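Novice: dropping a prediction and its sequence here:
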Amino acid sequence: MPNRILVATDATDNSLAAVRMAAALARSTGATLIALHVVEAPREVLRWSATPVRGELVAYKQLLDKQLGVAERRTRRQVDGVVRRSVDFKVEVLVKAGSIAEQVVDVALAYDAVMIVIGKGRRAGDLAERTTRIARIARRPVVIVPGKWNRGLRKLPRQTSVRRQPRLSRVA
């Protein structure tokens, strides 16, 4: 059975570094790359206190189908941009709906992925909490890629020169 590497992406620049890292790992090991995009349920649906009526469910299903289609096109475009058609390894694109952390872990277990690659993102908040949760509940190694990895090696911050104080002449 071939090795599989799962990369969780949101098809934005924040996850581009993770996709590049996962593609480099898949290329060097000959593993299959699985790019997963998870669409969360809209917040309004999660706040429903009453049982939704049939019309609301139909509207929700249409909205979710539209979001899944857009997510799949964006994810394929991102993966194709990274891989550049010179594929030395197999690439699969999956789009799921639900909780991000739980879907990533479930897909990793279902596809028997040897590792999960996920981007850290540029800002703290939801993405950092999800990344931490995935690392906590996954039964696979999780590689968290900083957002600046996509530019190659990170440049060290420019050191500022310290202004020297003029020497005081000694008073005798």
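Specialist: Looks like it arrived, so ask away. Worth saying up front: this structure is predicted, and the values here are computed from it rather than measured.

Novice: state the pLDDT value of Gln165.
Specialist: Gln165 carries a pLDDT value of 57.

Novice: again with Arg154
Specialist: For Arg154, pLDDT reads 45.

Novice: same check on the one 5 residues further on?
Specialist: Here the pLDDT value assigned to Gln159 is 48.

Novice: swap in Asp13?
Specialist: 81.

Novice: ditto for Val145
Specialist: 86.

Novice: who touches it in this structure?
Specialist: Ala17, Ala18, Met21, Val117, Ile118, Gly119, Lys120 (Cβ atoms under 8 Å, 6 or more residues apart in numbering). Backbone N, C-alpha and C define where each C-beta goes, glycine included.

Novice: for the chain, which spans come out with low pLDDT?
Specialist: Where the chain drops to pLDDT under 70, the residues are 1-2, 42-52, 85-87, 121-128, 147-172.

Novice: same thing but 50
Specialist: 1, 125, 152-157, 159-160 (pLDDT under 50).

Novice: all helices of it, in order?
Specialist: 16-29, 43-46, 54-83, 100-110, 126-137 (DSSP state H).

Novice: tell me, how many residues neighbour the residue nearest to Val7 when sequence neighbours are not counted?
Specialist: Spatial nearest neighbour of Val7, excluding adjacent residues (Cβ to Cβ, 6 or more residues apart in numbering): Ala22 at 3.6 Å. When counting by other Cβ atoms under 10 Å, one arrives at 29 neighbours for Ala22.

Novice: please apply the same query to Gly69.
Specialist: Neighbours around Gly69, by other Cβ under 10 Å: 12.

Novice: what about it, distance to Gln78?
Specialist: To Gln78, Gly69 is 15 Å away according to Cβ to Cβ, to the nearest Å.

Novice: distance to Leu6 for the helices of the chain - can I get that in TSV?
Specialist: Formatted as TSV, those follow (distance: least, Cβ to Cβ, whole Å):
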stretch	distance to Leu6
helix 16-29	8
helix 43-46	26
helix 54-83	13
helix 100-110	5
helix 126-137	10
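
Novice: out of those helices, which comes closest to Glu92?
Specialist: helix 54-83 (9.4 Å; Cβ to Cβ).

Novice: buried sites along the closest one?
Specialist: Tyr60, Gln67, Ala71, Glu72, Arg74, Thr75, Arg76, Gln78, Val79, Val82, Val83 (16 or more other Cβ atoms under 10 Å).

Novice: the last one: what's it in contact with?
Specialist: Looking back up the chat, that one is Val83. Ala23, Val91.
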